[in-house]
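Asker: Output the structure for:
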Amino acid sequence: MTKIASRYLDVDPWIIRERGLHASRTLVSESIFSIGNEFMGCRGYFEEGYSGKTFPGSYFNGIFEERPVTNIFKGLINRTHFIINAIDWLYTRIWVDGEQLDLAKVKFDHFVRSIDLREGILNRELTWTTRKGKKLKVTFSRFTSMDDSNLAAQHVTLEPLNFSGTAKIEMGLDAGTVCTVYCQGNVFNKVKSGSGADGLIGIAAQVEGSKQKVMATMRLKSEERLKARLVEREKYIGYLLDVRLEKGRQSGIDKMV
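Answerer: Next up is the predicted model:
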């Protein structure tokens, strides 16, 4: 019998597009929808958190860990080196009426995810229907700069379709990421965070074995007047925002990293 490939993506010369979430293929999709600029890169995971099958990954070229390897043969290595899942600069959480956006749990439709290979931009949009029947269109975009390899950006847009009210958004930098290759758990043993002028916040972390250090900073920008509160937890720093939503009007937030 002839074998036929199962195709779930729309492809043209420059854009790969997924219409509707194919939950059984999330790990493959995260690989396909990866972005990078040869210094920093990340898998196409959902920045707002996902309790289904997922493998979040944010990587920086040359940042690695090393661990001993048991070996009984002469001439073979006794230590191994591997790239680590580093600081999650996309960390985002969204709540409406206390309900958190998690595509493994909430009701949603009109899901479209696409990556533009010419521009290097990953876009995703969906319409979330809350338990109280509120419909919120959510759009995410991200890219890593080709002009400045240390620069990346994320954009989140909220558009209420049938209500006006308030949403809460937390956006930050998470050094508590989990490494699953060659080790289980977090590889950072020294983490410090802090805030500076003009809303700039940052986090610095040291890799336990290789002693390499990574630092990330971020600043939020918006045309909206946002009520922001600094949030610091173990190996994490970010802002918790109250966003006023008006029916039919888009509210956007940029994160520059």
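
Asker: For the rest of this, base every contact and every neighbour count on C-alpha atoms.
Answerer: Noted.

Asker: Report the outermost residue of this protein with respect to its centre.
Answerer: Lys74 (42.9 Å; Cα atoms, centre = their mean).

Asker: can you list contacts of stretch 136-151?
Answerer: Here stretch 136-151 makes contact (Cα atoms under 8 Å, 6 or more residues apart in numbering) with 35-41, 120-129, 152-162, 256-257.

Asker: Can you list which of those are found in strands?
Answerer: 35-36, 40-41, 121-129, 152-160, 256 (DSSP state E).

Asker: Is it correct that Glu66 is in contact with Ile84?
Answerer: No. When contacts are counted by Cα atoms under 8 Å, Glu66 is not listed as touching Ile84 (9.7 Å).

Asker: Which one's more surrounded, these two?
Answerer: Counted by other Cα atoms under 10 Å, Glu66 and Ile84 do not tie: Ile84 has more neighbours, with 27 against 19.

Asker: Look up how far Ala216 lies from that one.
Answerer: Ile84 is 15 Å from Ala216, where distance means Cα to Cα, to the nearest Å.

Asker: and what of Arg79?
Answerer: 28 Å.

Asker: Then Val138?
Answerer: 26 Å.

Asker: Then Pro56?
Answerer: Taken as Cα to Cα, the span from Pro56 to Ala216 is 17 Å.

Asker: What count of nearby residues applies to Ala204?
Answerer: Neighbours around Ala204, by other Cα under 10 Å: 20.

Asker: Confirm Ser6 sits in a strand?
Answerer: No. Under DSSP: H, G, I helix; E, B strand; the rest coil, Ser6 falls outside any strand and is assigned coil.

Asker: okay, now it: neighbour count?
Answerer: 6.

Asker: Assign Thr26 to helix, strand or coil.
Answerer: Thr26 ends up helix, using three-state DSSP.

Asker: where in the stretch 151-257 of the chain is pLDDT low?
Answerer: 181-182 (pLDDT under 70).

Asker: the strands in it, which residues?
Answerer: Using DSSP state E, counting those that start in this stretch, the strands of the stretch 151-257 of the chain run over residues 152-160, 165-174, 188-195, 201-207, 213-221, 227-233, 236-245, 251-256.

Asker: List the buried residues of stretch 169-189.
Answerer: For stretch 169-189, a neighbour-count test (16 or more other Cα atoms under 10 Å) marks 169-179, 182, 186-188 as buried.

Asker: Just flag the most distant two among the residues you listed.
Answerer: Ile169 and Tyr182 (33.9 Å; Cα to Cα).

Asker: Near the residue nearest to Val138 when sequence neighbours are not counted, how many residues? Count them for me, please.
Answerer: Excluding its sequence neighbours, the residue lying closest to Val138 (Cα to Cα, 6 or more residues apart in numbering) is Leu158, at 4.9 Å. By other Cα under 10 Å, the residues close to Leu158 number 24.

Asker: Tell me what Leu158 is bridged to.
Answerer: Val138, Ser251 (DSSP bridges).

Asker: May I ask you to confirm that it is in contact with Lys247?
Answerer: No. Counting by Cα under 8 Å, Leu158 does not reach Lys247; the two are 10.3 Å apart.

Asker: can you pull the pLDDT of Ile77?
Answerer: Ile77 is assigned 79 on the pLDDT scale.

Asker: List the contacts of it.
Answerer: 69, 71.

Asker: In terms of helix, strand or coil, where does it fall?
Answerer: coil.

Asker: which residues touch stretch 46-57?
Answerer: 23, 26-27, 30, 42-45, 85-86, 88, 90-94, 101-105.
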